[in-house]
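Student: next come a sequence and a model predicted from it.
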Amino acid sequence: MVTKPVIDCMRLRRSVRSYDGRPLSGEHSGMVCGYISRLKAPFGANARVMLLNSESGGGRVKLGTYGTTGGASDFLALAYKDGPLAEEGAAYIFEQAILFCTSLGLATCWLGGSFSRKDFKGCAALLEGEKLRIVSPVGYASGKKRLWDVFINADAHHTSRKAFENIFFLYDFTTPLTPDTAGAYREPLEMVRIAPSANNFQPWYAVMDDGAMHFYHRKMLGGFDAIDMGIALCHFGESCRQLGIGGRFDVLGKAPVTKDATYSVSWLHE
Ligand SMILES: Cc1cc2nc3c(=O)[nH]c(=O)nc-3n(C[C@H](O)[C@H](O)[C@H](O)COP(=O)(O)O)c2cc1C
């Protein structure tokens, strides 16, 4: 039974790279499978989240993460098909799965680069046209630190995020939005600010105008910016839902433009 509000899970979640070697308990694995089977990707994306372990493909395969994580035998994996807003929609449900695991006290870590695609594809039974670009170990944290944690400065966690007024704006890209001027959107935007992103780049912007919040992402090395955008949209949409802020996502023909970033989608206040 999950009782933790999603905003608490967003605040609690952090990348964990050391696991204690225990496979997921039957109860945890059943709850995760039940949850991911009910997820439906937004923005018309065709995506699904799977729970894999070394025996998923029928044989015993070691699911490799090149030493960036260790001790986990269970993994979430994200499969999706190309299409408009496919990466945003796919990342949205993967982050929902991550946050659900957090609510169960399970540790996770988004991985986009450091895993063996060959091992995971062997286990995942992909459908025609599906890509597998993201996985995450899921299990019990060991409390130990890996060299990689130190390398990417894992302790800095939420304190190493960009300032609110550097990524959120009012009406256009020249007037910074502050927590005080964001009104009801202060908390949802703060959840966007602390969301995980590849290399902690936080390649996203939001521009608030009367009745709408427009979202953008900036091209980054590694090409995960649309995925990062989907995670940010998940934090925004799911915290609005928790806080009872009515609205919906839609792609608008007319949103403020900037040469530095690609427009993704807008939240329309209702
Ligand atoms: C799309 C994506 C890809 C990532 N890929 C990797 C990876 O390949 N290896 C890794 O160690 N961490 C990876 N991370 C984890 C980020 O480094 C981490 O989320 C970021 O530094 C923020 O730290 P936090 O998750 O503890 O808040 C990835 C995160 C995201 C969102």
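Tutor: Perfect, thanks for sending it. Numbering: from 1, shown residues only.
Student: count of neighbours near Leu221?
Tutor: For Leu221, the tally of surrounding residues (other C-beta atoms under 10 Å) stands at 10. All C-beta spots, glycine's among them, are computed from the backbone N, C-alpha and C.
Student: and the one 5 residues further on, by the same measure?
Tutor: One way to gauge burial is a neighbour count; for Ala226, by other C-beta under 10 Å, it gives 19.
Student: ok, Asp20 touching Pro137?
Tutor: No: between Asp20 and Pro137 there is no contact, the gap being 11.4 Å when judged by C-beta atoms under 8 Å.
Student: so for the two, which sits in the more crowded spot?
Tutor: Shown here are Asp20 and Pro137; by other C-beta under 10 Å, Pro137 has more neighbours (27 against 13).
Student: list the contacts for that one?
Tutor: Residues in contact with Pro137 (C-beta atoms under 8 Å, 6 or more residues apart in numbering) are Val16, Arg17, Tyr19, Thr65, Thr69, Ala72, Asp74, Phe75, Ala107, Thr108, Cys109, Leu111.
Student: do Trp267 as well
Tutor: Counted by C-beta under 8 Å, 6+ apart, Trp267 has contacts Ala212, Met213, Phe215, Phe236, Gly237, Cys240, Gly247, Arg248, Phe249.
Student: and the spatially closest residue to Arg13 that is not a sequence neighbour, how far is that from the ligand?
Tutor: Nearest non-adjacent residue to Arg13, counting by C-beta to C-beta, 6 or more residues apart in numbering: Thr102, 4.5 Å away. Using C-beta to the nearest ligand atom, to the nearest Å, one gets 11 Å for the distance from Thr102 to the ligand.
Student: go through stretch 219-232 and flag the buried ones.
Tutor: Neighbour counts over stretch 219-232 (16 or more other C-beta atoms under 10 Å) mark Phe224, Asp225, Ala226, Ile227, Asp228, Met229, Gly230, Ile231, Ala232 as buried.
Student: what would the contacts of Trp267 look like in CSV with distance to the ligand, secondary structure and neighbour count?
Tutor: What follows is the contacts of Trp267, written out as CSV (distance: C-beta to the nearest ligand atom, whole Å; DSSP: H, G, I helix; E, B strand; the rest coil; neighbours: other C-beta atoms under 10 Å):
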residue, distance to the ligand, secondary structure, neighbour count
Ala212, 26, strand, 16
Met213, 21, strand, 25
Phe215, 16, strand, 23
Phe236, 15, helix, 26
Gly237, 17, helix, 22
Cys240, 21, helix, 21
Gly247, 24, strand, 19
Arg248, 25, strand, 12
Phe249, 20, strand, 20
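Student: Cys9 is in contact with the residue nearest to Arg13, correct?
Tutor: Yes: applying C-beta under 8 Å, one finds Thr102 in contact with Cys9, separated by 4.3 Å.
Student: output the lowest mean pLDDT helix or strand found in this structure.
Tutor: Within the chain, no helix or strand scores below helix 147-151, which has a mean of 59 by mean pLDDT, DSSP states H and E.
Student: returning to what we had before: just the contacts of Trp267 now: which is nearest Val192?
Tutor: For the contacts of Trp267, the closest approach to Val192 (C-beta to C-beta) belongs to Phe236, at 5.2 Å.
Student: pretty sure the closest one sits against Ile194.
Tutor: No: in this structure, Phe236 is not within contact of Ile194 by C-beta under 8 Å, at 11.7 Å.
Student: residue ranges for the helices of the stretch 101-250 of the chain, please.
Tutor: 117-124, 147-151, 164-167, 186-193, 225-243 (DSSP state H, counting those that start in this stretch).
Student: confidence-wise, which of the ones you listed is weakest overall?
Tutor: Lowest mean pLDDT of the helices of the stretch 101-250 of the chain: helix 147-151, a mean of 59.
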